[in-house]
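>>> sequence and computational prediction follow.
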Amino acid sequence: MMKRVAGRSLSALSVFAVLSIGCESATSAPPMVAKPAIDPKGPREVAILAGGCFWGMEKVMREAPGVVSIEVGYAGGKSTKVRYEEVSNGDTGHAESVRIVFDPNQISYADLLAHWYFRGHDPTTLDRQNNDIGTQYRSEIFTTTDAQRKTAEAVKARVDKSGKWKRPIVTRIEPATTWVRAEEYHQDYLIKHPNGYNDHWLRDFDF
């Protein structure tokens, strides 16, 4: 996932070599939280979030209560027909992102952001997440409604004011536009490859 390997061939051998790069140890990861069963008749809301490599972000956000489904893809660019190789160049305007369908009766949008998103990645590094560098790895919230925008701005301000991250929050907040589902081998990557590249974990502090 790192920028320096993004241009390599996606042959089976190369993909395995590139995608299994080691990552920073998630020594701060708390124990798993028991999740209530999803109500099949419950309401649904969509959140689109970017915060570095989408494999790790998917893994973190999947554990939130109320998550009905999650997929990885590319958000924020203009084109609806982009591939991983193009996004990896950093000049398409897309960010590696996750699209989460959740039940707002089980978890609010504010709690999804405060207790999971802003703890699961470092929102203080501009166009970078640990080893991954480039605009495609930026921290950004793509809001689907005006209510989401107001909530995202309030949560971001709360997180920033808390001082628990030692630097200012640089997360962007913009309306959701393009969503392109990523290639199938990216979906559920860390379920398929438990030892694959991952630089995301929930921090011990909360907001």
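Received the coordinates, thanks.
>>> with adjacent residues omitted, what lies nearest to residue 165?
residue 124 (5.0 Å; C-beta to C-beta, 6 or more residues apart in numbering). For glycine as for every other residue, the C-beta is placed from the backbone atoms N, C-alpha and C.
>>> please enumerate the helices of this protein.
Residue ranges of the helices in the chain, as given by DSSP state H, are 12-19, 54-62, 84-87, 109-112, 118-120, 146-162, 189-192.
>>> those: which one's closest to residue 206?
Proximity to residue 206 (C-beta to C-beta) singles out helix 118-120 among these, at 6.5 Å.
>>> any idea of the pLDDT on the residue positioned nearest the centre of the chain?
What sits nearest the mean C-alpha location of the chain, by C-alpha atoms, centre = their mean, is residue 57, with 3.6 Å. Each residue has a pLDDT score; the one for residue 57 is 98.
>>> that one contacts residue 48, correct?
No: Residue 57 lies out of contact with residue 48 (C-beta atoms under 8 Å); the separation is 11.1 Å.
>>> hey, what's in contact with both of those two?
Taking C-beta atoms under 8 Å, 6 or more residues apart in numbering as the criterion, residue 57 and residue 48 both touch 97, 98.
>>> so where's the protein uncertain?
1-33 (pLDDT under 70).
>>> one more pass at 90, please.
Across the chain, the ranges flagged by pLDDT under 90 are 1-36.
>>> strands of that one, residue ranges please.
All strands of the chain, identified by DSSP state E, fall at 45-51, 67-75, 95-102, 128-129, 132-133, 139-143, 172-175, 179-181.
>>> what's the closest of those strands to residue 36?
Comparing these by C-beta to C-beta, strand 67-75 comes nearest, at 11.1 Å.
>>> contacting residues around the closest one?
35, 38, 44, 48, 50, 54-55, 57-58, 61-62, 82, 87, 92, 94-103, 107, 136, 140, 142, 176-182, 186-187, 189.
>>> make it 7 Å
Contact with strand 67-75 is made by 38, 44, 48, 50, 54, 58, 61-62, 82, 87, 94-103, 142, 176, 178-182, 186-187, as judged by C-beta atoms under 7 Å, 6 or more residues apart in numbering.
>>> select only the buried ones of those residues in PyMOL?
Restricted to buried positions by 16 or more other C-beta atoms under 10 Å, the PyMOL selection for the contacts of strand 67-75 reads:
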select buried, resi 48+50+54+58+61+62+82+87+94+95+96+97+98+99+100+102+103+142+176+178+179+180+182+186+187
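>>> sorry, back to before: return the distance of the residue nearest to residue 165 relative to residue 171.
Computed as C-beta to C-beta, to the nearest Å, the residue 124 to residue 171 distance reads 9 Å.
>>> the more surrounded of these two?
residue 171 (24 against 16; other C-beta atoms under 10 Å).
>>> ok, that one - contacts?
Contacts for residue 171 (C-beta under 7 Å, 6+ apart) come out as 123, 139, 140, 141, 156.
>>> cool, and residue 152?
By C-beta under 7 Å, 6+ apart, the contact set of residue 152 is 113, 141, 143, 173.
>>> hmm, residue 149 and the last one touching each other?
Yes: the pair residue 173 and residue 149 passes the contact test of C-beta atoms under 7 Å, sitting 6.4 Å apart.
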